[in-house]
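A.B. asks: here's my sequence, what's the structure:
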Amino acid sequence: MKKSILTGAIILTAASVTTRLLGFVYRIFMSNAIGAEGMGLYQMMMLVYNLAWAITCSGFTTTVSKLVAAESAKKEYGNIRRVLKQSIIITALISIVVSIVIFIAAGFIGVHILHDHRIVMPLRILTFAIPFMAMGSCLRGYFLGLSENTVPAISQVFEQCIKMGVIFFLGAAFIPMGLEYAVTVAVIGVIAGEFLSFILVLFSYKMRKLNKTQKKEPILKPMQTTIMIFTMALPLTANRITGSLLATVENALIPARLQAYGLTATQAMSEYGKITGMALPLIFFPSAILTSLSISLVPAISYAMAAKNHTRVSDIVSKAMMFTTVIAMLASAVFLAFANELGMVIYNQDIGSILFLLGLMCPFWYLALTFSGILNGLGQQMFIFKSSLLSSAMNIIAIYFFVPIYGVNAFIFGWFASLVVITAIDLWKIKKVAKIKIPILKWFAKPALAAAATGLVVDYLSRKYIFDLFGNTIGLVVSIALLCVMYGLFILSLGCITIADINRLIKGHKGSSADRGLFKRGESAVKQ
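C.D. replies: Residues are numbered from 1 along each chain as shown. A predicted model of the protein is given here:
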């Protein structure tokens, strides 16, 4: 546990960026091959898969990570092995049951819930991936809990490569047969990716050698361990299941309510595909570093809590929130300045208006991602559950009542309103539990000012000179790079991040060896 997490956090971020880049290539190929309607069908089917993930492993992955970190802090290595073994057995049994239920109910789900019979066949095939997804997630949680992030990072990239390879090699044969078969070949890629990724992580676990001091017998009894796992996992799982169910309701309602607005079934599915299959992946791409941050926060805060180091908990939370707002404001500036260009260059689709509206929501989405890791690390699973219910209720009300009147913009603005409310509530809870001060000017106002100033300046320069000089594609890259550099200089000049912060990030924290070990595990990860 003395190994610095700085390198691990960088590896996780690099893997996340690589996976998202590969995912964009995959989505661009898919969108060109099957169109917006096909992407809409694929996203609809993946809602069921996400629900299966929520039921079988979402809560257990975080639980394994937290328990492994806590038991490692107490040097109870036998308990770590028992926690992992019990978790794999539990998730394997649950995933098999869920797979059977979805396989049998696929016809009803496709026709009566998602309202498209073309989803039935690929949905049945998709069920074979669920057990491997569940067991692999537990093993990844084990490595993350020990801050050994290389294995999860490699498996993440490996899985994406397998999915891409399948669609590239089999797409030519399946796609001409119709959208149903085009979605099916994507499902085959998911199965292959989950299976081979699970084999890779399992092999890595088997090859991992323990020190003699770590080969301790577990103190926890099997039943005691199972109760402990369920006590922690059930609130998380209930939260994720409810969230997935409500997300399924939301997304199933969107095409239907767009038809009530006056669109045809094909137009409604295309609009849905543009939002969920094209715009949202682009919006979330810059959050790769925050995904790594959120993953690292759970064991880092759990470790500090187990060590009863509340000062370190407060410090970790404060730094996480500061870096999140800085990154979020930059991403928002990029999407607001270049919404039209991004849609045309990447997808050759007119999604500029959607990207612009979603770009306004970037700071709230990114903060929500970090807040989730913080609240999980602080043990506030029930609070997360309640806030998720409120968010989904607001979204469903907007979709059901206002989309038939105002169209897709009503859905986006309803989403925006729910994000603002939930972000404010989460911030209040974190401030109360972690006992931190919220410097509004430094964390929010100054980054927003820097983003607005650089966005306006670079937008003017790009349209006046850069695009004419370099063309759309190269000009877009040059403009975004210039915006990032100028924003960074503004952030430094305004004091949002100081040179001392950067030096501390690079060199680490000077203190006692015990405190330094904790810092390397938590603080450095947060700063990445």
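
A.B. asks: Leu170 versus Lys75, what's the distance?
C.D. replies: 49 Å (CB to CB, to the nearest Å). Quick note: C-beta positions are derived from backbone N, CA and C, even for glycine.

A.B. asks: how about Tyr49?
C.D. replies: 19 Å.

A.B. asks: who's more crowded, the two?
C.D. replies: Using other CB atoms under 10 Å as the criterion, Tyr49 and Leu170 rank with Tyr49 on top: 20 against 16.

A.B. asks: next, the contact list for the nearest residue to Cys496 once chain neighbours are set aside, please.
C.D. replies: Counting by CB to CB, 6 or more residues apart in numbering, Cys496 lies nearest to Lys446, which is 5.0 Å off, once chain neighbours are set aside. Neighbour list for Lys446: Ile491, Leu494, Gly495, Cys496 [criterion: CB atoms under 8 Å, 6 or more residues apart in numbering].

A.B. asks: show the contacting residues for the first one.
C.D. replies: Going by CB under 8 Å, 6+ apart, Ile491 touches Val326, Lys446, Pro447, Ala450, Ile497.

A.B. asks: and for the second one?
C.D. replies: By CB under 8 Å, 6+ apart, the residues touching Leu494 are Lys446, Leu449, Ala450.

A.B. asks: please apply the same query to the third one.
C.D. replies: For Gly495, the contacting residues are Lys442, Lys446, by CB under 8 Å, 6+ apart.

A.B. asks: low-confidence ranges, the stretch 51-200 of the chain, go.
C.D. replies: Of all residues in the stretch 51-200 of the chain, none has pLDDT under 70.

A.B. asks: any chance you could map the helices in it?
C.D. replies: For the stretch 51-200 of the chain, the helices defined by DSSP state H, counting those that start in this stretch occupy 59-73, 77-108, 120-126, 130-145, 150-174, 179-207.

A.B. asks: and Ser479, which of these is closest to it?
C.D. replies: helix 150-174 (27.8 Å; CB to CB).

A.B. asks: the closest one packs against which elements?
C.D. replies: helix 5-53, helix 130-145, helix 179-207 (3 or more CB pairs under 8 Å, 6 or more residues apart in numbering; DSSP states H and E).

A.B. asks: buried ones in it?
C.D. replies: 151-164, 166-167, 170-171, 174 (16 or more other CB atoms under 10 Å).

A.B. asks: which residues touch Gly35?
C.D. replies: By CB under 8 Å, 6+ apart, the contact set of Gly35 is Ser270, Gly273.

A.B. asks: against Ile188, how distant is the closest residue to Thr18 other than its chain neighbours?
C.D. replies: Excluding the flanking residues, the one nearest Thr18 by CB to CB, 6+ apart is Val157, at 5.2 Å. Remark: distance between Val157 and Ile188 (CB to CB) = 19 Å.

A.B. asks: got the helices of the stretch 51-200 of the chain as a markdown table, with distance to Ala339 columns?
C.D. replies: As requested, these are exported to a markdown table (distance: least, CB to CB, whole Å):
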| stretch | distance to Ala339 |
| --- | --- |
| helix 59-73 | 34 |
| helix 77-108 | 37 |
| helix 120-126 | 32 |
| helix 130-145 | 34 |
| helix 150-174 | 26 |
| helix 179-207 | 27 |
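
A.B. asks: between those, which gets nearest to Asp468?
C.D. replies: Closest among the helices of the stretch 51-200 of the chain, once you apply CB to CB, is helix 150-174, at 35.2 Å.

A.B. asks: list the contacts for Ala328?
C.D. replies: Counted by CB under 8 Å, 6+ apart, Ala328 has contacts Leu290, Cys362, Pro363, Trp365, Tyr366, Leu367, Pro447.

A.B. asks: any weak-confidence spans in the stretch 201-350 of the chain?
C.D. replies: Using pLDDT under 70, the stretch 201-350 of the chain drops low at 209-216, 288-303, 305-309.

A.B. asks: for the stretch 251-400 of the chain, which segments are assigned as helices?
C.D. replies: All helices of the stretch 251-400 of the chain, identified by DSSP H, counting those that start in this stretch, fall at 265-273, 280-284, 288-306, 310-337, 339-342, 352-360, 362-377, 381-397.

A.B. asks: now the ones you listed as JSON lines including distance to Lys85?
C.D. replies: Below are the helices of the stretch 251-400 of the chain laid out as JSON lines (distance: least, CB to CB, whole Å):
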{"stretch": "helix 265-273", "distance to Lys85": "42"}
{"stretch": "helix 280-284", "distance to Lys85": "34"}
{"stretch": "helix 288-306", "distance to Lys85": "19"}
{"stretch": "helix 310-337", "distance to Lys85": "30"}
{"stretch": "helix 339-342", "distance to Lys85": "46"}
{"stretch": "helix 352-360", "distance to Lys85": "43"}
{"stretch": "helix 362-377", "distance to Lys85": "23"}
{"stretch": "helix 381-397", "distance to Lys85": "23"}
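
A.B. asks: rewinding a little: so which of the helices of the stretch 51-200 of the chain comes closest to Ser391?
C.D. replies: Closest among those, using CB to CB: helix 59-73, at 18.4 Å.

A.B. asks: quick one, which of the helices of the stretch 51-200 of the chain is nearest to Ala337?
C.D. replies: Going by CB to CB, the one of these nearest Ala337 is helix 150-174, 28.7 Å.

A.B. asks: who's in contact with that closest one?
C.D. replies: So helix 150-174 is contacted by 8, 11-12, 14-16, 18-19, 22-23, 25-26, 29-30, 33, 136, 140, 143-144, 181-182, 184-186, 188-190, 192-194, 196-197, 200-201, 204-205 (CB under 8 Å, 6+ apart).

A.B. asks: distance from the host helix or strand of Leu461 to the middle of the chain?
C.D. replies: Assigned by DSSP states H and E, Leu461 falls within helix 446-461. How far helix 446-461 lies from its chain's middle: 27 Å, per CA atoms, centre = their mean, to the nearest Å.

A.B. asks: C-alpha coordinates for it, CSV please?
C.D. replies: Extracted C-alpha coordinates of helix 446-461, given in CSV (Å, rounded to 0.1, in the frame of the first residue of the first chain):
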residue,chain,number,x,y,z
LYS,A,446,-12.8,32.4,-11.5
PRO,A,447,-12.8,29.2,-13.7
ALA,A,448,-16.1,30.3,-15.3
LEU,A,449,-14.6,33.7,-16.0
ALA,A,450,-11.5,32.1,-17.5
ALA,A,451,-13.6,29.8,-19.6
ALA,A,452,-15.9,32.6,-20.9
ALA,A,453,-12.9,34.9,-21.8
THR,A,454,-10.8,32.3,-23.6
GLY,A,455,-13.9,30.8,-25.3
LEU,A,456,-14.9,34.2,-26.8
VAL,A,457,-11.3,35.1,-27.8
VAL,A,458,-10.5,31.8,-29.5
ASP,A,459,-14.0,31.6,-31.1
TYR,A,460,-13.3,35.0,-32.8
LEU,A,461,-9.7,34.0,-33.8
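
A.B. asks: how far away is Leu103 from Leu427?
C.D. replies: I think there's a mix-up here, since residue 103 is Phe and not Leu. Plainly put, Phe103 is 42 Å away from Leu427 if you go by CB to CB.

A.B. asks: do the same with Leu358
C.D. replies: On the measure of CB to CB, Leu358 and Leu427 end up 21 Å apart.

A.B. asks: higher neighbour count, those two?
C.D. replies: Using other CB under 10 Å as the criterion, Leu358 and Leu427 rank with Leu358 on top: 24 against 15.

A.B. asks: how about the contacts made by the more buried one?
C.D. replies: Shown in contact with Leu358 (CB under 8 Å, 6+ apart): Ala279, Leu280, Ile283, Phe335, Ile412.

A.B. asks: farthest pair within these?
C.D. replies: Going by CB to CB, the pair spanning the contacts of Leu358 furthest: Phe335 and Ile412, at 13.2 Å.

A.B. asks: coming back round to it: buried only: go through the contacts of Ile491 for me.
C.D. replies: Buried, going by 16+ other CB under 10 Å: Val326, Lys446, Pro447, Ala450, Ile497, out of the contacts of Ile491.
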